[in-house]
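Colleague: 3D, please:
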Amino acid sequence: MAATKPSGTGSAGGGDGPDDVSELSYSDAGAQLDAIIEEFETGVVDVDRLVEQLERATDIVDELDRRLRRTRMRVEELVPRLESIGSTEERVDADGGSDGDSAGLEDSSSPGLF
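Modeller: Got it, this is the predicted structure:
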């Protein structure tokens, strides 16, 4: 049985937004999750919406986790490319640049990601 959300019901988080979590921005999905958690923590959960809210929270957590894993993989692919560019610049400096220039170039070209 396919998991589908009824059309025209709005988002289960009580806010304005699409039913499909993948259409939300990361911050909007996080805000919806926070609203659901706050509703649970205050103990003011409509029994008729309890399962719907739990399903929505699970969908949001799954989507955010998927995005984080995808982003982490992409970063792990890109960082070595940046590092190889930096090491190429260092080799060029060692071969043809002056010693004074290489230290300044090294500091200014470092992306400072990690």
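Colleague: what ranges do the helices span in this protein?
Modeller: Taking DSSP state H to define them, one finds helices in the chain at 26-42, 50-96, 99-109.
Colleague: and residue 79, how close does it get to residue 66?
Modeller: 21 Å (C-beta to C-beta, to the nearest Å). Every C-beta, even on glycine, is put in place using the N, C-alpha and C of the backbone.
Colleague: rewinding a little: possible to save the helices of the chain as JSON lines with mean pLDDT?
Modeller: Converted to JSON lines, those look like this (pLDDT from 0 to 100):
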{"stretch": "helix 26-42", "mean pLDDT": "94"}
{"stretch": "helix 50-96", "mean pLDDT": "88"}
{"stretch": "helix 99-109", "mean pLDDT": "48"}
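Colleague: just name the most buried of those helices.
Modeller: Comparing the helices of the chain by mean neighbour count (mean count of other C-beta atoms under 10 Å), helix 26-42 ranks first with a mean of 15.
Colleague: returning to that earlier point: out of the helices of the chain, flag the one nearest residue 19.
Modeller: Nearest to residue 19, of all these, is helix 50-96, at 8.9 Å by C-beta to C-beta.
Colleague: got the angle for the closest one vs helix 26-42?
Modeller: 140 degrees (axes from the mean of the first three to the mean of the last three C-alpha atoms, to 10 degrees).
Colleague: turn the helices of the chain into a markdown table, columns for distance to residue 18.
Modeller: A markdown table is the format used below for the helices of the chain (distance: least, C-beta to C-beta, whole Å):
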| stretch | distance to residue 18 |
| --- | --- |
| helix 26-42 | 9 |
| helix 50-96 | 12 |
| helix 99-109 | 41 |
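Colleague: out of these, the one nearest residue 20 is which?
Modeller: helix 50-96 (8.9 Å).
Colleague: packing partners for that closest one?
Modeller: Helix 50-96 sits against helix 26-42, helix 99-109, with contacts defined as 3 or more C-beta pairs under 8 Å, 6 or more residues apart in numbering; DSSP states H and E.
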